[in-house]
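Peer 1: Make a model of this:
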Amino acid sequence: MAKSRWLFIRNFSPAWFASVMGTGIVAVTSLFYSQYLPFLKALAYFTFYLNVALFFVLLVPWILRWIFFREEALADLEHPVNSNFYATISAGMIVLAVDFIVVGRNMTAGEVFWLIGTIATIFFGVVTPYIMFRGGHIKIDHISPAWFIPPIGLIIIPVPGSFFVNRFSGILREFVIALNYFGWGAGFFLYIALFTIAMYRFILHHPLPSILAPTIWMNIGPIGAGTIALVNLIKSSPFITVKEPFLVFALMFWGFGIWWFIMAIMMTFYYIKRVGLPYAMSWWAFTFPLGAYSAASHIVSEIFGFKLIDYIGFAVYILLLITWTITFAKTLENTLNGTLFRG
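Peer 2: Next up is the predicted model:
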């Protein structure tokens, strides 16, 4: 048993915190759509508390791995695919900040998670591309939507960060505003750049390997999260007196997500037929993007008064619940039988 525990720590994947991102977005969207099904409010609180516990449980092996198996941890940080998953811990903290603000109504805890998560997100948002830029170890086979994770972390900084703009004054307030705009700007343009590279791979190279096939859904993540972040950013910026053009851009950005949603469904069935879809931690890539897009649909519908968009968001939310339940159950099963931490 002791040997198994050490094996779990040594082989602990940085992708584990994608489960915190996925569970956190379930909590937020459940609260949003409790207006249609009141019992979803209880689910929102359940998944919120579950997510807090999940984060701290996963934090233990994450830290222990850096202490006792630093070589393996550094190898993942240098890996052209695995390195991108390190950003899930910082992005997970930002999602937890949203949970505390929207579901838990605890601004102080949200502020702590946002600040630490933002600093860590900026770190991974710089270090991960730097490692890629400095060497020639990147091959076309390594290109996947998993590369979007660091930009997603950056782009969601204003989602909770916009709530803190008016909690400060003077230079601190300017600092918070600067962090929010830096996060969205850096994340958005990095996403556009990496999206171009990913499209090149999709068109001119063979399909993703089965273990990475679910990451096709990551394309929706920056769109959904970016839409929410932009709306929150514009709402919290008193120096922007004419907000309508920016909100219309958010609507168009949301519209782009519809195209990717359809494409992701088609490509998922294609991958199932072509390369199969065995369970892996990458299944968590189904959850956060769906949740972010569902939440974005709800927020956009409130701004423009388009009920149809909210109904689309609710349909996406139902799909999120199904995928989250299956993925959570499969993750628990494969954790208990030891599959996830075998060398």
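
Peer 1: and Ser30, how far is that from Gly161?
Peer 2: With the distance defined as CB to CB, to the nearest Å, Ser30 ends up 23 Å from Gly161. Bear in mind the C-beta positions are built from the backbone N, C-alpha and C, glycine included.

Peer 1: ditto for Gly257
Peer 2: From Gly257 to Gly161 the distance is 22 Å (CB to CB).

Peer 1: Give me the more crowded residue out of the two.
Peer 2: Neighbour count, other CB atoms under 10 Å: between Gly257 and Gly161, Gly161 has more, with 29 against 26.

Peer 1: Now do the phi/psi pair for Tyr36.
Peer 2: phi -90, psi -40 (degrees, to the nearest 10).

Peer 1: any low-confidence regions in the stretch 1-150 of the chain?
Peer 2: Within the stretch 1-150 of the chain, the ranges that satisfy pLDDT under 70 run 1-5.

Peer 1: That one: helices as residue ranges?
Peer 2: All helices of the stretch 1-150 of the chain, identified by DSSP state H, counting those that start in this stretch, fall at 2-10, 18-32, 40-68, 70-78, 87-98, 107-134, 149-155.

Peer 1: List the buried residues of the longest one.
Peer 2: Judged by neighbour count using 16 or more other CB atoms under 10 Å, the buried positions of helix 40-68 are 40, 43-44, 47-48, 50-52, 54-55, 58-59, 61-62, 64-65.

Peer 1: Check the offset of the helix or strand containing Ile171 from the chain's centre.
Peer 2: Element membership of Ile171 [criterion: DSSP states H and E] is helix 170-204. Distance of helix 170-204 from the chain centroid (CA atoms, centre = their mean, to the nearest Å) equals 14 Å.

Peer 1: Now the element after that helix, going C-ward?
Peer 2: Following helix 170-204 in sequence order, the next helix or strand is helix 220-235 (DSSP H and E).

Peer 1: Show me what secondary structure element comes after that following helix.
Peer 2: Helix 220-235 is succeeded, C-terminally, by helix 244-274 (DSSP H and E).

Peer 1: Whichever helix or strand comes after that following helix versus helix 220-235: what angle between them?
Peer 2: Next along the chain after helix 244-274, taking DSSP H and E as the criterion, comes helix 287-304. Helix 287-304 and helix 220-235 meet at an angle of 40 degrees, taking axes from the mean of the first three to the mean of the last three CA atoms, to 10 degrees as the criterion.

Peer 1: what inclination does helix 287-304 have with respect to helix 244-274?
Peer 2: Using the same axes, to 10 degrees: helix 287-304 against helix 244-274 is 150 degrees.

Peer 1: relative to helix 87-98, how tilted is helix 287-304?
Peer 2: 40 degrees.

Peer 1: Which other helices and strands does helix 287-304 contact?
Peer 2: Judged by 3 or more CB pairs under 8 Å, 6 or more residues apart in numbering; DSSP states H and E, the packing partners of helix 287-304 are helix 18-32, helix 220-235, helix 244-274, helix 307-336.

Peer 1: Let me have these in a markdown table, extended by distance to Met199.
Peer 2: Formatted as a markdown table, these follow (distance: least, CB to CB, whole Å):
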| stretch | distance to Met199 |
| --- | --- |
| helix 18-32 | 23 |
| helix 220-235 | 14 |
| helix 244-274 | 11 |
| helix 307-336 | 23 |
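
Peer 1: Out of the ones you listed, the one nearest Val165 is which?
Peer 2: Among the helices and strands packed on helix 287-304, helix 220-235 comes nearest to Val165, with 9.2 Å by CB to CB.

Peer 1: Which neighbouring elements make contact with that closest one?
Peer 2: Looks like helix 220-235 contacts helix 149-155, helix 158-161, helix 170-204, helix 244-274, helix 287-304 (3+ CB pairs under 8 Å, 6+ apart).

Peer 1: how about these, which one is nearest Gly104?
Peer 2: Of the helices and strands packed on helix 220-235, nearest to Gly104 by CB to CB is helix 158-161, at 11.7 Å.

Peer 1: Can I get the closest one as CSV, trimmed to CA atoms?
Peer 2: What follows is helix 158-161 as a C-alpha-only set of coordinates in CSV (Å, rounded to 0.1, in the frame of the first residue of the first chain):
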residue,chain,number,x,y,z
PRO,A,158,-10.9,39.1,-15.3
VAL,A,159,-13.8,36.7,-14.6
PRO,A,160,-13.4,37.0,-10.8
GLY,A,161,-10.9,39.9,-11.1
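
Peer 1: helices or strands next to that helix in the packing?
Peer 2: Judged by 3+ CB pairs under 8 Å, 6+ apart, the packing partners of helix 158-161 are helix 87-98, helix 107-134, helix 170-204, helix 220-235.

Peer 1: Show me which residues of the second one are buried.
Peer 2: The one in question is helix 107-134. Buried residues in helix 107-134, counted by 16+ other CB under 10 Å: 107, 109-111, 113-115, 117-118, 120-122, 124-125, 128-129, 131-132.

Peer 1: again with stretch 268-279
Peer 2: Neighbour-count burial for stretch 268-279, counted by 16+ other CB under 10 Å, picks out Thr268, Tyr271, Val275, Leu277, Tyr279.

Peer 1: Over to stretch 97-105?
Peer 2: Neighbour-count burial for stretch 97-105 flags Ala97, Val98, Asp99, Phe100, Ile101, Val102, Val103, Gly104 (criterion: 16+ other CB under 10 Å).

Peer 1: Not counting its neighbours along the chain, what's nearest the last one?
Peer 2: Counting by CB to CB, 6 or more residues apart in numbering, the nearest residue to Gly104 once its immediate chain neighbours are dropped is Phe48, at 6.0 Å.

Peer 1: That concludes my questions; thank you for your assistance.
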